[in-house]
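Undergrad: quick one, structure for this:
(chains A and B)
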Amino acid sequence: MPDQALSGLTALDLSGHISGPYCAKLLCDCGANVIKIEKPPHGDPSRQSGPFPNDEADPETSGLFLLLNTGKKSITLNLESQAGQQIFNKLVEKADVVVESFQPGTLANLGLDYDALSTINPSLIMASITPFGQWGPYRDWDAADIVAQATGGLMWLTGEPDREPLQLPLEQAEYLAGLHAAVAIMTAVYFRDDTGEGQHIDISTQEAVASILEGALTTYDYSGHVMRRVGSRHQQKCPSKVMRARDRFVHIQSGANWDHFATLVEEPKLMEPRLASILRYRYADEVEGLIQPWVASHTAQEIFDTAQEWRIPAAPVLRPDELLDDPQFKAREYFQEIDHPRAGRLTYPGPSFRMSQTPPQLRRAPLLGEHNHEVYRDMLGLSKNEIESLQEKGVI
Amino acid sequence: MKSRVSRKKALSRPHLALDGLRVIDLSQVYAGPYATKLLADMGAEVIRIECAARSARGGALPKMQPGGAFGASFPDGDTGERSYNRYAYYNEVNRNKLAITLDLSQPLGVDVFKRLVKVSDVVVENFTPRVMVNFGLDYPVLRRVNPKIVMISISGFGQDGPYRDCVAYGEGIEAMTGLSHLTAYSDGAPLKPGVAYADAVSGLHAAFAVLAALRHRRTTGKGQYIDLSMREALTPLLGAAIVDYAMNRRVAKPRGNRHPTMAPHGCYRASGSDRWIAIAVATEEEWRALCGAMGNPPWSHDARFATMPDRLKYQDELDRRIEEWTSRHDHIQLMNTLQNAGVKAGAVLDTAELAADPHLNQRGFFEELTHPEAGMHRYPGVSWKMSRTPGRLRLPAPCFGQHNRYVFGELLGMSDEDIMGLKDAGVTAEEPLPYEEI
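TA: Coordinates of the predicted model:
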């Protein structure tokens, strides 16, 4: 096995659905040994959520699970049983990182919160990902993704001005929480490698969302101005809008040089000082009206190709499935075919970044409990009888 | 409560997680700056490199009150004497960082930059791929200067392939991944996230990648180069749509505020102007709790709403009924009532309401900083809580060229004369060039 950036790091992934699994996936794709601890008999809830091949539900072929758990090992372990807790403690002795996304207080009730685990392993880093964090008045509230997007301010800023606020698709708040957790864990690993000291990380999805509002919160504090949603426009830049080209939608923007843009869209009126000013956002309707005829008379591909010659960042609005035939993705061999014993060969998005010395690698997701023997026998040294007895009791 | 006690104890400790790490930040706008914000909040010394002609703050504006969201991003709506030091967008994401000016299109600027690379750990840039090559500062060069350097290039499309030289802002990346297509009402045209989402997501992946590379460096002594394409970083977050196509040839369609397996699931009008509540019901128990909170109206017993498949089927009618109820109530009261009843619900908070949110405030999410030119203000703080090395807002965003003396003098040991020489040669600058078109 080639050396990877996080080789030698062991993480226990107790989490479910998207946030924690995506966080642990990032560690795993970079070479960490990630052991996913799933509750018998069903395991991670994302095993039930699909999409499934031919829409036939099967916990081993859920698309979301396969994507978010690449390369991990899966063991089954019931943390609510005393025997399960004892085994978990043994795993914690050998682990560097724990990722969990239970409701606050759940692990404390099992005697498995950070205070307890850090007495077993003082170098342990534990990240807890929840909708509203481990303390504060909302800590016991639950949230679906749309609720996190609403209470984090992202939803208020998204959508048409004359319609209801709009969520981002496919549970983006979960990913934001997982991403912030992954960065936080790596900073804690950096500190631990310096000092030997572990720590607990408290990720609130609401705070992760409220962190990425660009300057919207600071703008409010600077001037009292409450930004509102502006459809496909930008709060400050003009033009910036999704428009209808001859064959499909495109996102139209100007680049650094306004005269280049006016030349591109063949509209000299745009060079009037009033419209050439960076304060032209005051006349957004007029600017867009002057651009629209040129946009409507060209195909999206023509617009992309010509605009790029002028270094203007116009872009076609693509559907996700169209990415599979995209020339840039093909040239960079971005999508990967990965075989899986139950789901078969499928196309997966590749790693999020490329590293010259230690490239991230995608390997298939595990079957439920696939690594019980490897972990319980080889890593913890349990005997065949002990493992069988745990199985009979429903602990694993 | 225990974690709060240990948090207080931790605050008295001098250490930050990334103490001793030095990062050179050439990045612009939001993707790169968000990555270095995460590192700076955790204690890294981040030195921003800016120049008069390509200032990340925008050019110098005359003192004016330009109005609109742009005008509002200056304190009290006023650009002031030095607009480039008073811009909310810049000052939020660049807190905890230092800034120097350096013109890398001049050989002397390149020379000083290399000296800085020698004493640094990380270089972050988000130009299009040709720019660093044109400066003569691409990774093969920097590696010779400092073999331990970790360099990350964040670009729209990556460092090779037919689109490598294409320009893209976040909006273009969102369009070209399918995110704009899916961020839409079910009966509407493609829109886009209300913030620079592709930038934030790229910045997060970039910070992670840098820290992973630093761990490799710690064990092997070797630096490396990271090529991050914003489009490649965003696409995995739409993976469910792609794998559905790979499995079933199903083409993803926008769902607005709905969900494939939950109903009700949406954004409902509350009382007042432009006030909204998001509600998501995942289980029968939550549905009964919602009905209870509404006072169990007769319609809630309708057979069309009895099970999840029924509610998904008759969602238009269901949403209309729920909105009749929500539109009579305050959105924050609704959130409290529904959450206390066990229903997943959240008021759609605007920025003023976020600033006043009791939960965020009790957790200390906002932190105050006094900026020499923007005054005292509250900023969104560190994005997470850490028990031992919590991080905090230590420094306001730097003014243009504020740390030239520290970096050139203290860090690189240049004499006053040499520093003056940089200025005379136009390698450093006092202020950005003015906007050409106002």
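
Undergrad: how's chain B carved up into domains?
TA: Chain B is divided into the following domains under automatic domain parsing: B:2-237+B:364-424, B:265-352.

Undergrad: okay, those domains, which one's buried deepest?
TA: domain B:2-237+B:364-424 (a mean of 21; mean count of other C-beta atoms under 10 Å in any protein chain shown). Bear in mind the C-beta positions are built from the backbone N, C-alpha and C, glycine included.

Undergrad: return the distance of that one from the chain's centre.
TA: From the chain centre to the centre of domain B:2-237+B:364-424 is a distance of 10 Å (C-alpha atoms, centre = their mean, to the nearest Å).

Undergrad: still on that earlier bit, dump the domains of chain B into a markdown table; add mean pLDDT as well.
TA: Putting the domains of chain B into a markdown table (pLDDT from 0 to 100) gives the following:
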| stretch | mean pLDDT |
| --- | --- |
| domain B:2-237+B:364-424 | 93 |
| domain B:265-352 | 98 |
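
Undergrad: now the ones you listed as JSON lines including distance to residue A:265?
TA: As requested, the domains of chain B are exported to JSON lines (distance: least, C-beta to C-beta, whole Å):
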{"stretch": "domain B:2-237+B:364-424", "distance to residue A:265": "16"}
{"stretch": "domain B:265-352", "distance to residue A:265": "34"}
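
Undergrad: okay if I get those as CSV plus distance to chain A?
TA: Shown next, in CSV, are these (distance: least, C-beta to the nearest C-beta, whole Å):
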stretch, distance to chain A
domain B:2-237+B:364-424, 3
domain B:265-352, 3
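
Undergrad: out of those, which gets nearest to residue A:68?
TA: Proximity to residue A:68 (C-beta to C-beta) singles out domain B:2-237+B:364-424 among the domains of chain B, at 9.1 Å.

Undergrad: dump the residue contacts of the one residue sitting closest to the centre of chain A.
TA: For chain A, the residue nearest the mean C-alpha position is residue A:175 (2.7 Å; C-alpha atoms, centre = their mean). Contact analysis of residue A:175 by C-beta atoms under 8 Å, 6 or more residues apart in numbering or on different chains lists A:18-19, A:22, B:201, B:237.

Undergrad: out of the residues you listed, which sit inside strands?
TA: Judged by DSSP state E, strands contain none of the contacts of residue A:175.

Undergrad: any idea which of these is the one closest to residue A:329?
TA: The nearest member of those to residue A:329, counting by C-beta to C-beta, is residue B:237 at 15.4 Å.

Undergrad: may I ask you to confirm that that closest one is in contact with residue A:174?
TA: No: taking contacts as C-beta atoms under 8 Å, residue B:237 lies outside contact range of residue A:174: 9.3 Å.

Undergrad: CA atoms only: put the helix or strand that contains residue B:38 into PDB for me.
TA: Using DSSP states H and E, the element containing residue B:38 is helix B:31-41. Extracted C-alpha coordinates of helix B:31-41, given in PDB (Å, rounded to 0.1, in the frame of the first residue of the first chain):
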ATOM      1  CA  ALA B  31     -12.400  30.500  -1.500                       C
ATOM      2  CA  GLY B  32      -8.800  30.900  -0.500                       C
ATOM      3  CA  PRO B  33      -9.500  33.500   2.200                       C
ATOM      4  CA  TYR B  34     -12.000  31.100   3.800                       C
ATOM      5  CA  ALA B  35      -9.400  28.400   4.000                       C
ATOM      6  CA  THR B  36      -6.900  30.700   5.600                       C
ATOM      7  CA  LYS B  37      -9.500  32.100   8.000                       C
ATOM      8  CA  LEU B  38     -10.000  28.600   9.400                       C
ATOM      9  CA  LEU B  39      -6.200  28.200   9.900                       C
ATOM     10  CA  ALA B  40      -5.800  31.800  11.300                       C
ATOM     11  CA  ASP B  41      -8.700  31.300  13.800                       C
END
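
Undergrad: what's the first helix or strand after that helix?
TA: Going down the chain from helix B:31-41, the next helix or strand is strand B:45-50, by DSSP H and E.

Undergrad: re earlier: in helices only, show me the contacts of residue A:175.
TA: Among those, the members found in helices (DSSP state H) are A:19, A:22, B:201.

Undergrad: list the contacts of the residue nearest to residue B:30 when sequence neighbours are not counted.
TA: Spatial nearest neighbour of residue B:30, excluding adjacent residues (C-beta to C-beta, 6 or more residues apart in numbering or on different chains): residue B:199 at 3.8 Å. For residue B:199, the contacting residues are B:29-31, B:34, B:170, B:230, by C-beta under 8 Å, 6+ apart.

Undergrad: for residue B:199, which three-state class applies?
TA: helix (DSSP: H, G, I helix; E, B strand; the rest coil).

Undergrad: hang on, the earlier thing: tell me which other helices or strands the helix holding residue B:38 touches.
TA: helix A:172-195, strand B:22-25, strand B:45-50, helix B:88-93, strand B:97-101, strand B:122-125, strand B:150-155, helix B:197-220 (3 or more C-beta pairs under 8 Å, 6 or more residues apart in numbering or on different chains; DSSP states H and E).
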